[in-house]
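**Student:** Take this sequence and fold it.
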Amino acid sequence: MYLKLLVVDKDIQRFEERYSIWLKHRIILVRTCSIQEAITRLTHEEFVIVAINADNINYLPQLKIMRDVTTIPIHIFTSDYTCGKELEALNLGANEYRQWSKDIEKNTVRILIMIQRYAKENRKIPLNFITYNEISVYPDYRKVFVNDNELELTKMEFDILYMLIENHKRVFTYEQIYNRIWGYEYIENGNNALFNEIKRL
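**Tutor:** Alright, predicted model coming up:
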């Protein structure tokens, strides 16, 4: 499951530089160029955090409105940090006001920490899992537990097990399993590869 981070920033180049970094953390960046557009999106979509570039966005007039619209963390970055501006932003509803770090990873880690903290405190990010008898499958983490003991599975074994447990009342042919797991048409002798994966389960 990918989460969405709302970025309010007019600098398209900076946004594009960071997009691939965030994808590695299973987070999709969504960019807007104004606070008003951000507020509109917050009322219609789910995000885990808002990050505002204070250098090129006049955010203060609508920051209180944004805070009233959402409970997710609002993180403000600036290259022109002052204590007075930080206090004003925090009083209007920002959760954090920071000076840009030239280290992109440092900025990324700071936001990831806020997302984790928010998820723990508010439990707004649902935990996706299914159970069948003593088996618990957590697809977002690609983990399987039997009686609280973790099973070490290959990617293919996990995909097969997850599909079968998710559809435990349904009967599948070898061809159906093969097509869903491998993602292409069933080929002759495909039973051998599939049989070996299922046998290990």
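**Student:** how about the strands in the protein?
**Tutor:** Taking DSSP state E, the strands of the chain run over residues 3-8, 27-32, 49-53, 74-78, 96-99, 130-132, 135-138, 143-146, 149-151.
**Student:** Using CSV, lay out the ones you listed together with distance to residue 165 and mean pLDDT.
**Tutor:** Using the backbone N, CA and C atoms, a C-beta is placed for each residue, glycine as well. Supplementary listing: those in CSV, determined by distance: least, C-beta to C-beta, whole Å; pLDDT from 0 to 100:
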stretch, distance to residue 165, mean pLDDT
strand 3-8, 24, 93
strand 27-32, 27, 93
strand 49-53, 32, 92
strand 74-78, 38, 93
strand 96-99, 40, 92
strand 130-132, 5, 82
strand 135-138, 6, 83
strand 143-146, 9, 83
strand 149-151, 12, 79
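**Student:** Tell me how the protein divides into domains.
**Tutor:** By the assignment in automatic domain parsing, the chain contains the domains 3-122, 130-200.
**Student:** Worst mean pLDDT among these?
**Tutor:** Among the domains of the chain, domain 130-200 has the lowest mean pLDDT, at a mean of 76.
**Student:** so residue 7 bridges to which residues?
**Tutor:** Assessed by DSSP bridges, residue 7 has beta-bridge partners residue 31, residue 51.
**Student:** Number of residues surrounding it?
**Tutor:** Using other C-beta atoms under 10 Å, residue 7 has 24 neighbouring residues.
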